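In: any chance you can model this:
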Amino acid sequence: MTIAGHKIPSVHIEVQWKLSGSQVGTERDDLWYDAQSGLPLQNSRSIHVRTGTPFGPSTYTEEGEFVLKSLTPKT
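Out: The predicted structure follows:
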């Protein structure tokens, strides 16, 4: 992974959930960490869940991401 022009050895973890029962849907998280320090470098998240209610189905959707922009702390 490259952060601010620096190649950083990283570890990628992918987590997937499948919901069933009263809530049906999926969640996926992709996480990248600096292989040496464990510093979070990037996180991508996607959630799609459907829930039955007395008024009909309700759907929750979430998409999000953060990416580290610099290895230099801001003061």
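In: C-alpha only now, for contacts and for neighbours.
Out: Noted.
In: and the contacts of the longest strand seen in the chain?
Out: Secondary structure of the chain per DSSP state E: the longest strand is strand 40-53. When contacts are defined by C-alpha atoms under 8 Å, 6 or more residues apart in numbering, strand 40-53 is touched by residues 19, 22-34, 57-68.
In: pLDDT on the helix or strand that it is followed by, on average?
Out: With elements assigned by DSSP states H and E, the helix or strand that comes after strand 40-53 is strand 56-67. Average pLDDT, strand 56-67: 96.
In: list of residues touching strand 56-67?
Out: Strand 56-67 is contacted by residues 41, 42, 43, 44, 45, 46, 47, 48, 49, 50, 51, 52 when judged by C-alpha under 8 Å, 6+ apart.
In: need those residues in a markdown table (columns: pLDDT, neighbour count and distance to residue 3).
Out: As requested, the contacts of strand 56-67 are exported to a markdown table (pLDDT from 0 to 100; neighbours: other C-alpha atoms under 10 Å; distance: C-alpha to C-alpha, whole Å):
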| residue | pLDDT | neighbour count | distance to residue 3 |
| --- | --- | --- | --- |
| 41 | 96 | 22 | 8 |
| 42 | 97 | 19 | 10 |
| 43 | 97 | 18 | 14 |
| 44 | 97 | 15 | 16 |
| 45 | 97 | 17 | 19 |
| 46 | 98 | 15 | 23 |
| 47 | 97 | 16 | 26 |
| 48 | 97 | 16 | 30 |
| 49 | 97 | 17 | 33 |
| 50 | 97 | 17 | 36 |
| 51 | 96 | 15 | 39 |
| 52 | 92 | 12 | 43 |
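In: what is the most widely separated pair among those residues?
Out: 41 and 52 (36.6 Å; C-alpha to C-alpha).
In: on that earlier part again, sheet partners, orientation included, of the longest strand of the chain?
Out: Sheet pairing for strand 40-53, assigned by DSSP bridges, gives strand 23-34 (antiparallel), strand 56-67 (antiparallel).
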